[in-house]
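Visitor: Output the structure for:
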Amino acid sequence: MMSLIRGLIVFAIAVGGLGGPAHAADVRPMPKATVTIAVEQPKETARALIAAINAQRRARGLTKLKVNTALTHAAQAHADDLIRRNYFGHTSPEGLGPRERVLRAGYQSCLAGETLSYSWKTVEQAMAAWMTSDGHRRIVLNTQVKDIGIGIGPNNLFVAVFAKGCR
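Guide: Below you'll find the model as predicted:
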């Protein structure tokens, strides 16, 4: 339990329109920091995170997730927004959740979820924390999701967006 609190990791999944309304308690301020938002996410960190997620899936006989440009845009935009407006959560102050952000990025999603991690020093630490959390593990190993996008922010902020398109 303490490791989850230390890492400030939260989980949410929005399935179709089933996600409930946002509440003020869903949005928490991030620790104060002086940051500069990078124009381009660190590609090697994103690749490492995707590789770690796909390794967990492969170890359980699941298909690997494909990187999707729209999901990557949605994830990076959310990472940038978390830093710019100093909050940490799956729901923006305006009440937008993962599915709404994915749809706005141009991905026609029937299923969308997201994992967040802040302040873990390495991809491996974030991945270990996600896999020891029931909620995070469920999204990482969800058999329905097919695509992924990663957003990276300062201080090891990781946003992973998982989705299945409507086809």
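
Visitor: the helices in this protein, which residues?
Guide: Ranges of helices within the chain are 2-7, 43-58, 69-84, 98-104, 123-131, 134-140, based on DSSP state H.

Visitor: Columns mean neighbour count on top of those helices, output as TSV?
Guide: Placement of C-beta: from N, CA and C, glycine included. What follows is these, written out as TSV (neighbours: other Cβ atoms under 10 Å):
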stretch	mean neighbour count
helix 2-7	12
helix 43-58	16
helix 69-84	21
helix 98-104	23
helix 123-131	19
helix 134-140	18
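
Visitor: Any chance of CSV for those helices, columns mean pLDDT and distance to Ala160?
Guide: Output for the helices of the chain, formatted as CSV (pLDDT from 0 to 100; distance: least, Cβ to Cβ, whole Å):
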stretch, mean pLDDT, distance to Ala160
helix 2-7, 33, 14
helix 43-58, 96, 7
helix 69-84, 96, 7
helix 98-104, 94, 10
helix 123-131, 94, 8
helix 134-140, 96, 8
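
Visitor: now for those helices, which one comes closest to Pro154?
Guide: With distances scored as Cβ to Cβ, the stretch of those nearest to Pro154 is helix 69-84 (6.2 Å).

Visitor: re the thing from before, any idea which of the helices of the chain gets closest to Gly149?
Guide: The nearest among the helices of the chain, by Cβ to Cβ, is helix 69-84 at 2.8 Å.

Visitor: need the helices of the chain in a markdown table with distance to Gly165, can you?
Guide: Output for those, formatted as a markdown table (distance: least, Cβ to Cβ, whole Å):
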| stretch | distance to Gly165 |
| --- | --- |
| helix 2-7 | 30 |
| helix 43-58 | 18 |
| helix 69-84 | 9 |
| helix 98-104 | 10 |
| helix 123-131 | 23 |
| helix 134-140 | 16 |
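
Visitor: how about those helices, which one is nearest Leu111?
Guide: Among those, if distance is taken as Cβ to Cβ, the winner is helix 98-104, at 8.3 Å.

Visitor: That closest one - contacts with which helices or strands?
Guide: strand 11-15, helix 69-84, strand 109-117, strand 157-165 (3 or more Cβ pairs under 8 Å, 6 or more residues apart in numbering; DSSP states H and E).

Visitor: now these as a markdown table including distance to Ser92?
Guide: Below are the helices and strands packed on helix 98-104 laid out as a markdown table (distance: least, Cβ to Cβ, whole Å):
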| stretch | distance to Ser92 |
| --- | --- |
| strand 11-15 | 12 |
| helix 69-84 | 7 |
| strand 109-117 | 12 |
| strand 157-165 | 12 |
